[in-house]
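Student: here you go, sequence then predicted model.
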Amino acid sequence: RPGLALCAGCGGRIQDPFLLRVSPDLEWHVACLKCAECGQPLDETCTCFLRDGKAYCKRDYSRLFGIKCAQCRAAFSSSDLVMRARDHVYHLECFRCAACGRQLLPGDQFCLRERDLLCRADHGPPPDGAAAARGPRSP
């Protein structure tokens, strides 16, 4: 389809013999497919991620749109082990009691108040009658 397609990068007609199609409706000149954040060329040597019609390299896509640690706000790498509490995700080293700083380990009981994790010693025993509503222990 050279000559019929419009480049999503520059908006010009693609007259080149080759074009890059990233999704069914987005096509680029080979020279125009670059990360919207850092400008790195996105070709067969670099993974391309799309968001709102813009292309990103893996590093910038993860930094801008990836899940971040609820404590340190840093992105996760694919090799990170994580802990979850409700809809919050933490690096293992960030999964600590907000009051005493003790690292919470799998099997430890804890309480989540707003964004703060509290170990059992710092949040105390559950109120009377709340033991059944406490639910399962932490992962």
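Tutor: Done, it's in. Bear in mind the structure is a predicted one, so any value in this text is a computation, not a measurement.
Student: in a helix, Arg63, correct?
Tutor: Yes. Arg63: assigned to a helix according to DSSP: H, G, I helix; E, B strand; the rest coil.
Student: what's the burial count for it?
Tutor: 15 (other C-beta atoms under 10 Å). Every C-beta, even on glycine, is put in place using the N, C-alpha and C of the backbone.
Student: how near is it to Cys57?
Tutor: 10 Å (C-beta to C-beta, to the nearest Å).
Student: kindly report the same for Gln40.
Tutor: Gln40 is 5 Å from Cys57, by C-beta to C-beta.
Student: same question, His123
Tutor: Using C-beta to C-beta, His123 is found at 42 Å from Cys57.
Student: center of the protein - which residue?
Tutor: With distances taken as C-alpha atoms, centre = their mean, Gly66 lies nearest the centre of the chain, 1.7 Å away.
Student: which of His123 and Cys57 has more residues huddled nearby?
Tutor: Using other C-beta under 10 Å as the criterion, His123 and Cys57 rank with Cys57 on top: 21 against 18.
Student: pull the contacting residues for the more buried one.
Tutor: Taking C-beta atoms under 8 Å, 6 or more residues apart in numbering, we find Cys57 in contact with Cys35, Glu37, Cys38, Gln40, Leu42, Cys46, Thr47, Cys48, Phe49.
Student: parallel or antiparallel, list what pairs with the strand or helix carrying Leu118.
Tutor: Element membership of Leu118 [criterion: DSSP states H and E] is strand 116-119. Counting by DSSP bridges, the strands paired with strand 116-119 are strand 110-113 (antiparallel).
Student: pull out the buried positions in the strand it pairs with.
Tutor: By 16 or more other C-beta atoms under 10 Å, the buried positions in strand 110-113 come out as Phe110, Cys111, Leu112.
Student: and the first one, what are its bridge partners?
Tutor: Yep, that's Phe110 we're talking about. Beta-bridge partners of Phe110, as defined by DSSP bridges: Cys119.
Student: contact partners for it?
Tutor: Ala85, Cys97, Leu104, Leu117, Leu118, Cys119, Arg120, His123, Ser138 are the contacts of Phe110 under C-beta under 8 Å, 6+ apart.
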